[in-house]
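S.K.: I would like the atomic coordinates for the input below:
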Amino acid sequence: MVPVTALWLPILVSAVLVFIVSSLIHMVLKYHKSDYGQVPGEDAVMASLRSHAIPPGDYVMPYASDPKEMQTPEYQEKQRQGPQMVVTVLPNGPISMGSSLAQWFGLSLVIGVFAAYVAGRALGPGADYMEVFRFTGTTALAGYSLGLLQASIWMGKSWATTMKSVFDGLIYALVTAGVFGWLWP
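M.R.: Next comes the predicted model:
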């Protein structure tokens with residue numbers, strides 16, 4: 001066994017490298033550029049929604065307060081007429097990239113800690129590179145990718161968009177696994 005505290009260096013280095021790789025993916029490769037499209041009549045739609053002063057949060061349309069309401073003809077007619085949406089409303093004003101980037105780095109640290117814990121419980125000091133790679137990579141892949149699938153299953157998010165993000169998670173997992181294999185005590 002290797003305690004998590006003995007793995008602080010691979011946790012930190014993997015988080016830094018994942019942060020750099022994710023920045024390159026989004027700023028250089030730009031294959032996520034097509035993830036979201038423009039709403040037809042955007043200006044008119046925004047003006048109409050603005051008049052309702054919708055507070056930041058997550059919303060669904062049409063909305064039903066319980067499963068019984070979903071069975072009513074009125075609700076079913078709303079569904080038929082559409083549009084049906086799952087929407088996240090953000091606060092007005094510029095998006096705080098600093099806060100989002102800090103949270104992303106924090107998440108990468110947390111995933112590194114979980115990878116360290118799992119591998120540290122399964123393997124001892126001097127473990128084979130590929131064994132360390134396998135345990136930490138699998139754990140990191142679960143942390144970076146598996147939860148993303150729910151957005152397509154339950155929220156109707158495009159499977160193409162989700163799979164691009166899952167692919168990113170695979171890259172982050174490989175980086176994490178490589179760093180742990182390299183720096184394993």
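
S.K.: next one: phi and psi at the residue nearest the centre of the chain?
M.R.: The chain has residue 148 as the residue nearest its centroid, 5.7 Å off, counting by C-alpha atoms, centre = their mean. As for residue 148, its main-chain torsions (degrees, to the nearest 10) stand at phi -70, psi -30.

S.K.: ditto for residue 96
M.R.: Note on residue 96: backbone dihedrals following degrees, to the nearest 10 are phi -80, psi 90.

S.K.: domain assignment for the chain?
M.R.: 4-35+95-183, 42-89 (automatic domain parsing).

S.K.: got a list of what residue 55 touches?
M.R.: Residues in contact with residue 55 (C-beta atoms under 8 Å, 6 or more residues apart in numbering) are residue 89. Every C-beta, even on glycine, is put in place using the N, C-alpha and C of the backbone.

S.K.: Give the helix, strand or coil label for it.
M.R.: coil (DSSP: H, G, I helix; E, B strand; the rest coil).

S.K.: Which parts of the chain are helices?
M.R.: Ranges of helices in the chain, per DSSP state H, are 8-24, 42-50, 67-70, 73-81, 97-122, 129-144, 149-155, 159-183.

S.K.: Mean neighbour count added to the ones you listed, as TSV?
M.R.: Below are the helices of the chain laid out as TSV (neighbours: other C-beta atoms under 10 Å):
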stretch	mean neighbour count
helix 8-24	18
helix 42-50	10
helix 67-70	10
helix 73-81	11
helix 97-122	17
helix 129-144	21
helix 149-155	13
helix 159-183	19
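
S.K.: Need those in a markdown table (columns: distance to residue 33 and mean pLDDT).
M.R.: Below are those laid out as a markdown table (distance: least, C-beta to C-beta, whole Å; pLDDT from 0 to 100):
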| stretch | distance to residue 33 | mean pLDDT |
| --- | --- | --- |
| helix 8-24 | 14 | 98 |
| helix 42-50 | 17 | 95 |
| helix 67-70 | 36 | 96 |
| helix 73-81 | 31 | 96 |
| helix 97-122 | 17 | 97 |
| helix 129-144 | 21 | 98 |
| helix 149-155 | 19 | 96 |
| helix 159-183 | 10 | 98 |
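
S.K.: Those into JSON lines, with extra columns for distance to residue 34?
M.R.: Formatted as JSON lines, those follow (distance: least, C-beta to C-beta, whole Å):
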{"stretch": "helix 8-24", "distance to residue 34": "18"}
{"stretch": "helix 42-50", "distance to residue 34": "17"}
{"stretch": "helix 67-70", "distance to residue 34": "33"}
{"stretch": "helix 73-81", "distance to residue 34": "28"}
{"stretch": "helix 97-122", "distance to residue 34": "21"}
{"stretch": "helix 129-144", "distance to residue 34": "21"}
{"stretch": "helix 149-155", "distance to residue 34": "16"}
{"stretch": "helix 159-183", "distance to residue 34": "8"}
